[in-house]
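S.K.: got a sequence here, can you model it:
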Amino acid sequence: MKDQRAHLKIESRSLQLRGRWRQRSEQAGWLFPGDWLVPEVEDMLKAQAEGGELQMSAKNLGASRAYHGVGVRETMQDLSAFFEAAGVPADDGSMRDLVEGWAQENERVEPFSCTDVYTGLATMAHFERLIHEMSLRPSARGRSHTIASLHLGWSEGGKLLSWETLAEMGQICRGELAAVEATAAYHRGSIHTMLTRKRESYEALFRCLQLIDGLHQGVGRRTLVEFLDFPTSPAECDRVISGLRFSQHD
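M.R.: Have a look, this model is predicted:
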């Protein structure tokens, strides 16, 4: 009976900590609340409640986040939120193992993942590789291509997009852009496209814009279109890719 009461007390503390952790993680910028709870979260809570080592649990959590497509920055913010919720100092060793687990799993998954499962568009990693590869070609100097981004201001950085909306957006882009052989990727509230500088390409892009805005029935910001010159050097490529990853237009 005594052991049972002790177990129930630990379980209750874990549930309370889980609630605080999730809340702080969302406040720190976690995008999709429905994706947060995974078995590795429970493992972290159990290790904390039992006073055990957190590093292996953190490494497994990092791997799980990478597998589910969560970026390393968001993953690190999530672990920081765990320590804040637990009221203990951040453990550098656990953070290091978290990043190591994320990196190892990301290396395993990304080479085989060219298509995003939610939208059917290119993964961001694949899109970035295409930019890098094309920027090294002699034809890049002719500026035959451009990068155009549709920033969905009404989506609050993607937070308001359901899986159904993501799928519909992907279907729209694939349908409109296939004929002009453009490549598109979705990332945190923006659709990035790589297309040729031709009238047909621009027309297809703006058809995408109109149809995607049609999915949004509420009142809010409309979609912003941004054009970037295609990079022609490694330094330009790094700047462009960094801008695509971390752009904020919500």
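S.K.: okay, buried residues for the one helix or strand residue 95 maps to please.
M.R.: Per DSSP states H and E: residue 95 is located in helix 92-109. Within helix 92-109, the residues that qualify as buried are 94, 95, 97, 98, 99, 101, 102, 105, 106, 109, counting by 16 or more other CB atoms under 10 Å. C-betas here are computed from N, CA, C, even on glycine.
S.K.: check stretch 121-140 too.
M.R.: Buried, per 16+ other CB under 10 Å, within stretch 121-140: 121-129, 131, 134-135, 140.
S.K.: okay, now residue 176: neighbour count?
M.R.: Counted with other CB atoms under 10 Å, the neighbours of residue 176 add up to 21.
S.K.: specify the local secondary structure of residue 146.
M.R.: Three-state call for residue 146 (DSSP: H, G, I helix; E, B strand; the rest coil): strand.
S.K.: what pLDDT does it get?
M.R.: According to the prediction, residue 146 has pLDDT 93.
S.K.: residues in contact with it?
M.R.: 194, 195, 196, 197, 227, 228, 229, 230 (CB atoms under 8 Å, 6 or more residues apart in numbering).
S.K.: distance to residue 46 and pLDDT added to the buried residues of helix 92-109, as a markdown table?
M.R.: Listed next are the buried residues of helix 92-109 as a markdown table, based on distance: CB to CB, whole Å; pLDDT from 0 to 100:
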| residue | distance to residue 46 | pLDDT |
| --- | --- | --- |
| 94 | 14 | 93 |
| 95 | 19 | 92 |
| 97 | 17 | 93 |
| 98 | 16 | 93 |
| 99 | 22 | 90 |
| 101 | 17 | 92 |
| 102 | 20 | 88 |
| 105 | 21 | 85 |
| 106 | 25 | 79 |
| 109 | 26 | 68 |
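S.K.: that older thread, in helices, which of the buried residues of stretch 121-140 fall?
M.R.: Members of the buried residues of stretch 121-140 lying in helices (criterion: DSSP state H): 124, 125, 126, 127, 128, 129, 131, 134, 135.
S.K.: ok, the third one touching residue 186?
M.R.: No. Under the contact definition of CB atoms under 8 Å, residue 126 does not touch residue 186, with a separation of 11.9 Å.
S.K.: wait, residue 245 touches residue 131, no?
M.R.: No. Between residue 245 and residue 131 there is no contact under CB under 8 Å: 11.5 Å.
S.K.: residue ranges of the strands in this structure, please?
M.R.: Using DSSP state E, the strands found in the chain span residues 145-152, 183-187, 190-196, 223-229.
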